[in-house]
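Q: model the structure of this input:
(2 chains)
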Protein chains: 2
Amino acid sequence: MKRREFIKKVGAGSLVAGTALAVSPMVQAKAQFKWKMVTTWPKNFPGLGTGANKLAQLITEMSGGRIKVKVYGAKELVPAFEVFDAVSRGTAEMGHGAAYYWKGKSEAAQFFSTVPFGMTAQEMNGWLYYGGGLKLWRELYKKFGMIPAPAGNTGVQMGGWFNKEINSVEDLEGLKMRIPGLGGEVLKRAGGTPVNLPGGELFTSLQSGAIDATEWVNPYNDLAFGLFKAAKYYYYPGFHEPGTTLEAVINQKAFDALPKDLQSIVLNACKVVNQDMLAEYTARNPAALKTLVEKHKVDIRSYPKDVIATLRKYSEEVVQELAGKDDFTKRVYDSYSAFLKGSREWGALSDMAYLDARDRD
Amino acid sequence: MKRREFIKKVGAGSLVAGTALAVSPMVQAKAQFKWKMVTTWPKNFPGLGTGANKLAQLITEMSGGRIKVKVYGAKELVPAFEVFDAVSRGTAEMGHGAAYYWKGKSEAAQFFSTVPFGMTAQEMNGWLYYGGGLKLWRELYKKFGMIPAPAGNTGVQMGGWFNKEINSVEDLEGLKMRIPGLGGEVLKRAGGTPVNLPGGELFTSLQSGAIDATEWVNPYNDLAFGLFKAAKYYYYPGFHEPGTTLEAVINQKAFDALPKDLQSIVLNACKVVNQDMLAEYTARNPAALKTLVEKHKVDIRSYPKDVIATLRKYSEEVVQELAGKDDFTKRVYDSYSAFLKGSREWGALSDMAYLDARDRD
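A: Okay, here's the model as predicted:
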């Protein structure tokens, strides 16, 4: 929308009010912008779907109702994996999902969500907001007529649910595991067979023995999904998703049609949700973990050291190979790697040293 | 301000505009609310002071100029340690500082910033937003006519700058160190002599030998302060400040006078800054650390294990004793401790296990 049209619209709103109360909350509550938000999540899915709901609600609340955002779950308006295209062509003004779903558009997109043995949530925020990450992300999505924004983080995920014990690298041989994306590629190099299945099929596939293992998210989400009923062991840590950033995408034209204050509200609402989701998972995972262990007697295991070392070696290979895909992915890889290197050096003196001091004897 | 007065003011604004453009950006830019924000920081102090500036700027930006917030550095309007009282009595509508400065009002306040061997930044956010922490914090400040909000975090700090080597617990005996608050009490129990000095006197006190050591913040802030020129060793980790939450305080009456959308904008701007400051430190510390090590040849040391064990033992004592101060502090201690317990259990499987897997062989 052009400036002139905006003023006309606002003007009309004022005339309807017909009094000097033109900017009172009552008139503001009359939505000037009605947006659709399509998402890659089942409607109201805990953490992820409810995070999208909160984002919509925040935008409406902070704008005094001048923007109303209606949230659509996966398949309600478009299927999950068409969120990117739907926002790109303007079918919806906004979307909520995760950048690694769009690797078909650009391999680089994966760095903006998570990569195996990559950054934690805190490091992702450092890189995205202050290390050039978001700038690169915007450059990529600009070609598709969209603005991306970090809008949620799961924190470190769990390794997954297994019906086979993993006692050595050999146990990965032939392991049929639902693990999509780069994590799957890592498993493949270690001799396993990665499978991609939608969330809704995990439980029965695990129970029937069609797969030996599956990763999902973290105790809070996994408990809700009931996966403990279909698997013997719950492995950690989730080397393949150490701090997955969720994304909001905003159609550029819809964004440009907003006045400056509403533009700021939309982008800052994304920032609020980015922090809020991690805080929610941080608070809810401990209780879910307790329920899994104490009530459901889940057998929690750590990947053995040599398995970790092997997975790390293949992860480095797989992530480094991305850099060879195209010039832009190389630039993103270089920026990401440089930041991660510095972050590991500082982390050794800060978070890692502190957790050692506090939690180890 | 009462609702009627608000409408009158808004009405007047519209009449001045005198046209149907009443809600255009131009009129919105006419501030309806002029707020003062007093801070405990030197004006524009990197990270902390600039965080306060960003908070003010965000509120103005998201409100389309309907609230203008003028930031005052320490001493410009009131001295640093009068920020709490100034906002409580309405001299300023807002303040930015840290809750542990107000332990004179209530010992409990310290839990809302940081305590020795306490929560990390991510854990603090989990506790405050989703674990009942902020609810307790609001209950406390309500008595003073204020609303508190988390508004920044330094992450894990460094141990500090030393001119004496700390090779064993015995080296803490008689150590004269600038370390205020609970950290100082811990040092005292370990045989040291805690000293409290304002930031401006650290350098000369260290250089003259009046003190043997001082803690400050982290590489980014410490480099700017030039402390490496006056000390031989830089110790880690900062057991006494593992994830210090900064605070915004808002005068309740000033808040109540705002329409709902502006109330939401003020509180959400605090959330944005809370995340933003941690991201900034996360991004800037690695480069500062590199400069300290490579350019200034700083000798970086970790506290020895037995020193850590001793400091941890005294920290537990000191923090636990707080619970005995009064009923409210006991409630805060109980909530904090329960959350930390669950968080450590989950952390052992997530952040700690992951950092081990990624960064240790």
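
Q: quick one, strands of the stretch 201-350 of chain A?
A: A:213-214, A:233-236, A:245-251, A:299-302 (DSSP state E, counting those that start in this stretch).

Q: mean neighbour count, mean pLDDT and distance to chain B added to those strands, as JSON lines?
A: The way it works is simple: take the backbone N, C-alpha and C, and place the C-beta from them, glycine included. Output for the strands of the stretch 201-350 of chain A, formatted as JSON lines (neighbours: other CB atoms under 10 Å in any protein chain shown; pLDDT from 0 to 100; distance: least, CB to the nearest CB, whole Å):
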{"stretch": "strand A:213-214", "mean neighbour count": "26", "mean pLDDT": "98", "distance to chain B": "17"}
{"stretch": "strand A:233-236", "mean neighbour count": "22", "mean pLDDT": "98", "distance to chain B": "4"}
{"stretch": "strand A:245-251", "mean neighbour count": "27", "mean pLDDT": "98", "distance to chain B": "12"}
{"stretch": "strand A:299-302", "mean neighbour count": "16", "mean pLDDT": "98", "distance to chain B": "6"}
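
Q: and A:Asp334, which of the ones you listed is closest to it?
A: Relative to A:Asp334, the nearest member of the strands of the stretch 201-350 of chain A by CB to CB is strand A:245-251, separated by 18.9 Å.

Q: packing partners of the closest one?
A: Contact partners of strand A:245-251 among helices and strands, from 3 or more CB pairs under 8 Å, 6 or more residues apart in numbering or on different chains; DSSP states H and E: helix A:48-62, helix A:83-88, strand A:94-97, strand A:146-153, helix A:260-290.

Q: one step back: so can I have JSON lines of the strands of the stretch 201-350 of chain A showing distance to A:Lys103?
A: Formatted as JSON lines, those follow (distance: least, CB to CB, whole Å):
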{"stretch": "strand A:213-214", "distance to A:Lys103": "20"}
{"stretch": "strand A:233-236", "distance to A:Lys103": "25"}
{"stretch": "strand A:245-251", "distance to A:Lys103": "13"}
{"stretch": "strand A:299-302", "distance to A:Lys103": "29"}
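
Q: A:Lys34 in helix, strand or coil?
A: Under DSSP: H, G, I helix; E, B strand; the rest coil, A:Lys34 falls in the strand class.

Q: not counting sequence-adjacent ones, nearest residue to it?
A: A:Lys68 (5.2 Å; CB to CB, 6 or more residues apart in numbering or on different chains).

Q: what's the burial count for the one you found?
A: A:Lys68 has 17 neighbouring residues, counting by other CB atoms under 10 Å in any protein chain shown.

Q: parallel or antiparallel, list what pairs with whatever helix or strand it lives in.
A: Element membership for A:Lys68, per DSSP states H and E: strand A:67-72. Strand A:67-72 has its sheet partners listed here by DSSP bridges as strand A:33-39 (parallel).

Q: tally of neighbours for A:Glu170?
A: A:Glu170 has 11 nearby residues by other CB under 10 Å.

Q: please apply the same query to A:Glu201.
A: By other CB under 10 Å, 14 other residues sit near A:Glu201.

Q: what distance do you get for it to chain B?
A: 26 Å (CB to the nearest CB, to the nearest Å).

Q: over to A:Trp127?
A: 7 Å.

Q: ok, A:Asn221 - contacts?
A: A:Pro46, A:Gly47, A:Leu48 (CB atoms under 8 Å, 6 or more residues apart in numbering or on different chains).

Q: from chain B, how far out is the residue nearest to A:Ala98 when sequence neighbours are not counted?
A: Counting by CB to CB, 6+ apart, the nearest residue to A:Ala98 once its immediate chain neighbours are dropped is A:Ser113, at 4.6 Å. Here A:Ser113 is placed at a distance of 16 Å from chain B (CB to the nearest CB).

Q: check the gap between A:Ser113 and A:Thr154 for me.
A: To A:Thr154, A:Ser113 is 10 Å away according to CB to CB, to the nearest Å.

Q: distance of A:Leu278 from A:Ala149?
A: For A:Leu278, the distance to A:Ala149 equals 15 Å [CB to CB].

Q: compare the two (neighbour count), which wins?
A: Neighbour count, other CB under 10 Å: between A:Leu278 and A:Ala149, A:Leu278 has more, with 28 against 25.

Q: quick check: residues of the stretch 101-250 of chain A near chain B?
A: Proximity of the stretch 101-250 of chain A to chain B, by CB under 8 Å from any CB of the partner chain, involves residues A:117, A:120-123, A:125-131, A:155-158, A:218-219, A:236-239, A:242.

Q: can we see that at 6 Å?
A: Contact residues, the stretch 101-250 of chain A versus chain B (CB under 6 Å from any CB of the partner chain): A:Phe117, A:Gln122, A:Asn125, A:Gly126, A:Tyr129, A:Tyr130, A:Gly131, A:Val156, A:Tyr236, A:Pro237, A:Phe239, A:Pro242.

Q: just name the most buried of the helices and strands packed on strand A:245-251.
A: Stretch with highest mean neighbour count among those: strand A:94-97 (a mean of 29; mean count of other CB atoms under 10 Å in any protein chain shown).

Q: which strands and helices sit next to it?
A: For strand A:94-97, the packing partners by 3 or more CB pairs under 6 Å, 6 or more residues apart in numbering or on different chains; DSSP states H and E come out as strand A:33-39, helix A:83-88, strand A:245-251.

Q: nearest to B:Ser337, of those?
A: strand A:245-251 (31.1 Å).

Q: need the helices and strands packed on strand A:94-97 in CSV with distance to B:Lys229, can you?
A: CSV is the format used below for the helices and strands packed on strand A:94-97 (distance: least, CB to CB, whole Å):
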stretch, distance to B:Lys229
strand A:33-39, 53
helix A:83-88, 52
strand A:245-251, 39
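
Q: correct me if wrong: A:Trp216 contacts A:Ala224.
A: No - applying CB atoms under 6 Å as the test, A:Trp216 and A:Ala224 come out as separate, 9.9 Å apart.

Q: which one of the two has more residues nearby?
A: Each of A:Trp216 and A:Ala224 has its neighbours counted (other CB under 10 Å); A:Trp216 has more, 19 against 15.

Q: in the strand holding A:Lys68, which residues are buried?
A: Within strand A:67-72, the residues scored as buried using 16 or more other CB atoms under 10 Å in any protein chain shown are A:Ile67, A:Lys68, A:Val69, A:Lys70, A:Val71, A:Tyr72.
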